[in-house]
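Peer 1: Return a 3D structure for these sequence lines:
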Amino acid sequence: MKKILVTTDGSKYSQKALFKAKQMATDMGCEVTILSVVNLWDNVYSHNMDIKAELGKSEMDRTQAILKEAEEIFKGFEGEWKTVYKVGDVVDVIVKFAEEGNYDLVIMGSRGLGAFSRTLLGSVSDKVIHHINTSVMIVK
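Peer 2: Numbering: from 1, shown residues only. Sure thing, here's the model as predicted:
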């Protein structure tokens, strides 16, 4: 069975990627994993551990909400699918997860929720394309 990994950060482009993954998986009988990556602000310079902890909790809550939205999109999908979250650098996690999981295709949105979302291709999707050995589909 073919395996599709679709990444989501809650942006409108990642939602489009989810719909595309659902359609392709339905048409081709693929298994789907929906991945959201939590960046816990390890690089935040603060000696205040309460601030770091609150930022981490906020990111975890946001990721859980994003995965709930993804579950809503996949309601009624008759194939095999699951949601997963991982913690770490977004690009590193996507590349490692896709390659270790032997996914046939990674589907991701062209732009995410980053500060420079107006760029032609988002920095995460651009970096993933250049570092991954798995085929990637970018959804606009």
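Peer 1: In this structure, what residue spans correspond to helices?
Peer 2: Secondary structure of the chain (DSSP state H): helices at 12-28, 49-73, 90-100, 123-131.
Peer 1: Need those helices in CSV (columns: distance to residue 35, mean neighbour count and mean pLDDT).
Peer 2: Where C-beta positions appear, they are placed from N, C-alpha and C, glycine not excepted. Shown next, in CSV, are the helices of the chain (distance: least, C-beta to C-beta, whole Å; neighbours: other C-beta atoms under 10 Å; pLDDT from 0 to 100):
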stretch, distance to residue 35, mean neighbour count, mean pLDDT
helix 12-28, 10, 19, 97
helix 49-73, 9, 14, 84
helix 90-100, 6, 18, 96
helix 123-131, 11, 17, 92
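Peer 1: Need those in TSV (columns: distance to residue 82).
Peer 2: Formatted as TSV, the helices of the chain follow (distance: least, C-beta to C-beta, whole Å):
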stretch	distance to residue 82
helix 12-28	12
helix 49-73	10
helix 90-100	13
helix 123-131	20
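Peer 1: Which of the ones you listed sits closest to residue 109?
Peer 2: Among these, helix 12-28 comes nearest to residue 109, with 2.9 Å by C-beta to C-beta.
Peer 1: Many thanks, have a good one.
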